[in-house]
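Asks: sequence and predicted structure below; questions after.
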Amino acid sequence: KAGVTQTPRYLIKTRGQQVTLSCSPISGHRSVSWYQQTPGQGLQFLFEYFSETQRNKGNFPGRFSGRQFSNSRSEMNVSTLELGDSALYLCASRPDGNSNQPQHFGDGTRLSIL
Amino acid sequence: QKEVEQNSGPLSVPEGAIASLNCTYSDRGSQSFFWYRQYSGKSPELIMSIYSNGDKEDGRFTAQLNKASQYVSLLIRDSQPSDSATYLCAVKGTGTYKYIFGTGTRLKVLA
């Protein structure tokens, strides 16, 4: 069974630009969560989607947005990029709304802002 | 107080020893607890899930949960240099779909 797939793996952007990251969950998984990981802050929760609906959102500005499609694939968008947005962005999926199930992570997208 | 706390380390242990990693959490109603391993430059990989008080063993790994004291720990027996990584504790809080991660403990196993 294929794991969580994130594209692209690496991205370089400049301040003010916008970026879209993609995540394909494990087949059959309907819940997708996004995290930002930086050396100083660790893993910070961005948002979670289930059945195309955002169920939970972390403490990030409105420049960070996401969506989920009917096939459970998810995209995350960051507008007006800032230097501080440089990070590893991780997507994690789990089968469904059962809150006890662990998440499985993709390899991440490393975003660098120049 | 942080929701999930871990000692950042590094925790250094000699090869063959037992490594003990600890995690405390603030939400008393939490029901689900997970340990992930993350190698440098890689994504987190699930090691263990634990939901009930007591010990859960899987190979060289043992997770221990004490809900009354609000801590969860991970023991790694016969530590190997390949176990050198950052270990993340994650807790599923009450009434939320959000998983809260600790900042991780860096483990170094010395050959």
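Replies: Arrived safely, thanks for sending.
Asks: pLDDT wise, what is B:Ile47 at?
Replies: Per-residue pLDDT puts B:Ile47 at 96.
Asks: what is the burial count for it?
Replies: 19 (other Cβ atoms under 10 Å in any protein chain shown). All C-beta spots, glycine's among them, are computed from the backbone N, C-alpha and C.
Asks: if I read this right, it contacts B:Arg37, doesn't it?
Replies: Yes: judged on Cβ atoms under 8 Å, B:Ile47 makes contact with B:Arg37 at a distance of 5.3 Å.
Asks: now do the shared contacts for the two.
Replies: B:Tyr87 (Cβ atoms under 8 Å, 6 or more residues apart in numbering or on different chains).
Asks: what's the helix or strand for the spatially most central residue of chain A?
Replies: Geometric centre of chain A, nearest residue: A:Trp34, 3.1 Å, by Cα atoms, centre = their mean. Using DSSP states H and E, A:Trp34 sits within strand A:31-38.
Asks: now do the SS call for the closest residue to A:Glu82 other than its chain neighbours.
Replies: Spatial nearest neighbour of A:Glu82, excluding adjacent residues (Cβ to Cβ, 6 or more residues apart in numbering or on different chains): A:Arg15 at 6.3 Å. Under DSSP: H, G, I helix; E, B strand; the rest coil, A:Arg15 falls in the coil class.
Asks: do I have it right that A:Arg15 meets A:Ser86?
Replies: No: contact criterion Cβ under 8 Å: A:Arg15 and A:Ser86 do not qualify, at 10.4 Å.
Asks: more neighbours, those two?
Replies: A:Ser86 (16 against 11).
Asks: and the residue lying closest to the more buried one once chain neighbours are set aside, how close does it get to chain B?
Replies: The shortest distance from A:Ser86 to any non-neighbouring residue, by Cβ to Cβ, 6+ apart, is to A:Ile113 (4.7 Å). Distance from A:Ile113 to chain B, counting by Cβ to the nearest Cβ, to the nearest Å: 19 Å.
Asks: for A:Ile113, grab phi and psi.
Replies: Dihedral pair for A:Ile113: phi -110, psi 120, per degrees, to the nearest 10.
Asks: tell me the pLDDT of it.
Replies: A:Ile113 is given a pLDDT of 97.
Asks: now do the contacts for it.
Replies: By Cβ under 8 Å, 6+ apart, the neighbours of A:Ile113 are A:12-15, A:81-86.
Asks: ok, now which ones touch B:Gln70?
Replies: The contact partners of B:Gln70, taken as Cβ under 8 Å, 6+ apart, are B:24-26, B:28.
Asks: need the phi and psi values for A:Gly84.
Replies: phi -70, psi -10.
Asks: pairing partners for the helix or strand of chain B with the lowest mean pLDDT, with directions?
Replies: Lowest by mean pLDDT, DSSP states H and E among the helices and strands of chain B is strand B:99-101, with a mean of 90. Here strand B:99-101 has these sheet partners by DSSP bridges: strand B:85-92 (antiparallel).
Asks: output the strand it pairs with as PDB, nothing but the C-alphas.
Replies: Provided in PDB are the C-alpha atoms of strand B:85-92 (Å, rounded to 0.1, in the frame of the first residue of the first chain):
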ATOM      1  CA  ALA B  85      17.000  10.100  16.300                       C
ATOM      2  CA  THR B  86      14.500  12.500  17.700                       C
ATOM      3  CA  TYR B  87      11.500  10.900  19.400                       C
ATOM      4  CA  LEU B  88       8.300  12.800  19.400                       C
ATOM      5  CA  CYS B  89       5.400  12.200  21.800                       C
ATOM      6  CA  ALA B  90       1.900  13.000  20.500                       C
ATOM      7  CA  VAL B  91      -1.300  13.200  22.500                       C
ATOM      8  CA  LYS B  92      -4.900  13.300  21.200                       C
END
